[in-house]
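Student: Give the three-dimensional model of this entry:
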Amino acid sequence: MKRAALALLLAAAVTVGIQTFFNWQNSCPNYQGENSARMEGVEYVPNFKSGRAFAAGFDWDGETEEISVVIPDTVKFSGSSKSCRVTKLGGFFGRGVPCQFGPMLPIGNNEGQGPLDESTGDPELLENLRRRHPGAPEQDLRVRLYLGRYVSEIPLPAVCLLYQQREGEGILWRIIYQVDCDENNQTFYARDGKLYLRADEVPVTQLFCGED
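Tutor: Predicted coordinates:
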């Protein structure tokens, strides 16, 4: 009986140790912002210890109203001989710095980001922006987003509201994602432009896909 109990304790300790190791590998400090790189209009932050990366955002000129963004299965960084699987949209890096997936305006664009929607398209946040910037025109940025087979997490809601200051005038942008997903993705699937969890077919709320 004692041997059986000891064996169970050892098995539990090994399991906890393995989980701790993998959690450490995928922890914030191992995602280093200084190693980030832009590839095909998307910025990625790598974790060379785990061989993973997250997509930090995508290039946008601040004017185009419809763009396509492709998140591949893997990306290759100059600082590593191996490819990294892209497993997240957005994430945390360094000492827990949050990074929401969303549009990245050109440097020197003089943009000003208003409150970002942390609950994926809450109308009250849009109303707050309207009150802060009365008279600002509103436009939609439609993002046709393709997700590769390894994307399995969206740790933070993707940016879906953006206030852009330009030439003395501001524009309120509502970012609407139309999603397609690799059929081999084990976590997500897409239907009619919306993203769902395979496990329970629940819509993924971290990507704003417009009102039903």
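
Student: gap between the two ends of stretch 41-61?
Tutor: 11 Å (CA to CA, to the nearest Å).

Student: quick check, distance from it to the centre of its chain.
Tutor: Between the centre of stretch 41-61 and the centre of its chain there are 9 Å (CA atoms, centre = their mean, to the nearest Å).

Student: tell me the mean pLDDT over it?
Tutor: Taken as a whole, stretch 41-61 carries a mean pLDDT of 94.

Student: how near is Arg132 to Tyr163?
Tutor: Per CB to CB, to the nearest Å, Arg132 is found 8 Å from Tyr163. C-beta: built from backbone N, CA, C; applies to glycine.

Student: who's more crowded, those two?
Tutor: Between Arg132 and Tyr163, Tyr163 has the larger neighbour count (other CB atoms under 10 Å), namely 19 against 13.

Student: Where does pLDDT dip in the protein?
Tutor: Filtered on pLDDT under 70, the chain yields the residue ranges 1-28, 79, 107-124, 166-168, 212.

Student: middle-most residue in it, spatially?
Tutor: Residue closest to the average C-alpha location in the chain (CA atoms, centre = their mean): Leu89, at 2.2 Å.

Student: I'd guessed it sits against Phe58; true?
Tutor: No - look at Leu89 against Phe58 with CB atoms under 8 Å: they stay out of range, at 10.1 Å.

Student: got any residues that touch both of those two?
Tutor: Common neighbours of Leu89 and Phe58, using CB atoms under 8 Å, 6 or more residues apart in numbering, are Phe101.

Student: Mind telling me what element Leu125 is part of?
Tutor: helix 123-132 (DSSP states H and E).

Student: Tell me which residues of the following helix or strand past that helix come out buried.
Tutor: Moving toward the C-terminus from helix 123-132, the next helix or strand (DSSP H and E) is strand 138-147. Within strand 138-147, the residues scored as buried using 16 or more other CB atoms under 10 Å are 141-143, 145-147.

Student: Over to stretch 195-212?
Tutor: Buried residues in stretch 195-212, defined by neighbour count with 16+ other CB under 10 Å: 195-196, 204, 206-209.

Student: tell me, how many neighbours does the closest residue in space to Cys209 that isn't next to it in sequence end up with?
Tutor: Excluding the flanking residues, the one nearest Cys209 by CB to CB, 6 or more residues apart in numbering is Lys194, at 4.6 Å. Number of residues near Lys194 (other CB under 10 Å) recorded here: 16.

Student: Next: Arg131.
Tutor: Around Arg131 there are 8 other residues, counting by other CB under 10 Å.

Student: Thanks again, I'm all set now.
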